[in-house]
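1. Starting from these lines, generate the structure:
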Amino acid sequence: MATIPKWLRIVGFVLHLLIGGLLIFAGSGKAFGFAPPQATEGLIKGGLAEHVKLIGFGEMITGTLLILPWTKSLGVLLVSGFWGGVICFHMSHGEPFAVWAGVLAVTWLTAGLREPRTFASFLGSGPAQQSG
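-> Model prediction:
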């Protein structure tokens, strides 16, 4: 398996730090009630008014798991689910979703930069292919 230069790993970490920071910041506003009304009005109109705090705490936990080195794999999985939910929510309301799809793509690309083994099973270099 090819090694990734240290500077690319750092770029991956910095981008995950930005994405995780976005989730922590946005989630804390929802969880603790200081988000501006325009930030939560879409959720309220979408019938999720009673779940805004729960969504906020979920965002904060997910962002934290993405940033921490020992939980980054779980973080990528949960962030993928979160962004997928955001994309589906916007699609179901006829709203633009390309930005969120882009953030999802960046999340996965930077996961590969941070940890090259992330895509090992797709590249045929996983443990099953090496045995024998």
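
2. Flag the helix or strand of this protein with the lowest per-element mean pLDDT.
-> In the chain, no helix or strand scores lower on mean pLDDT, DSSP states H and E than helix 127-130, which sits at a mean of 53.

3. Which phi and psi values does residue 97 adopt?
-> Note on residue 97: its backbone torsions stand at phi -130, psi 0 [degrees, to the nearest 10].

4. Report the separation between it and residue 70.
-> 32 Å (C-beta to C-beta, to the nearest Å). C-beta coordinates here come from the backbone N, C-alpha and C atoms, glycine included.

5. Now do the buried residues in stretch 68-76.
-> By neighbour count on 16 or more other C-beta atoms under 10 Å, the buried set for stretch 68-76 is 72, 75, 76.

6. From residue 88, how far off is residue 54?
-> Counting by C-beta to C-beta - residue 54 and residue 88 are separated by 17 Å.

7. ugh, typo on my part, it should be residue 100
-> According to C-beta to C-beta, residue 100 and residue 88 sit 10 Å apart.

8. Show me which of the two is the more surrounded one.
-> residue 100 (20 against 12; other C-beta atoms under 10 Å).

9. Tell me the secondary structure at the more buried one.
-> helix (DSSP: H, G, I helix; E, B strand; the rest coil).

10. quick one: it and residue 82 touch, right?
-> No - the pair residue 100 / residue 82 is not scored as a contact, 9.6 Å apart, by C-beta atoms under 8 Å.
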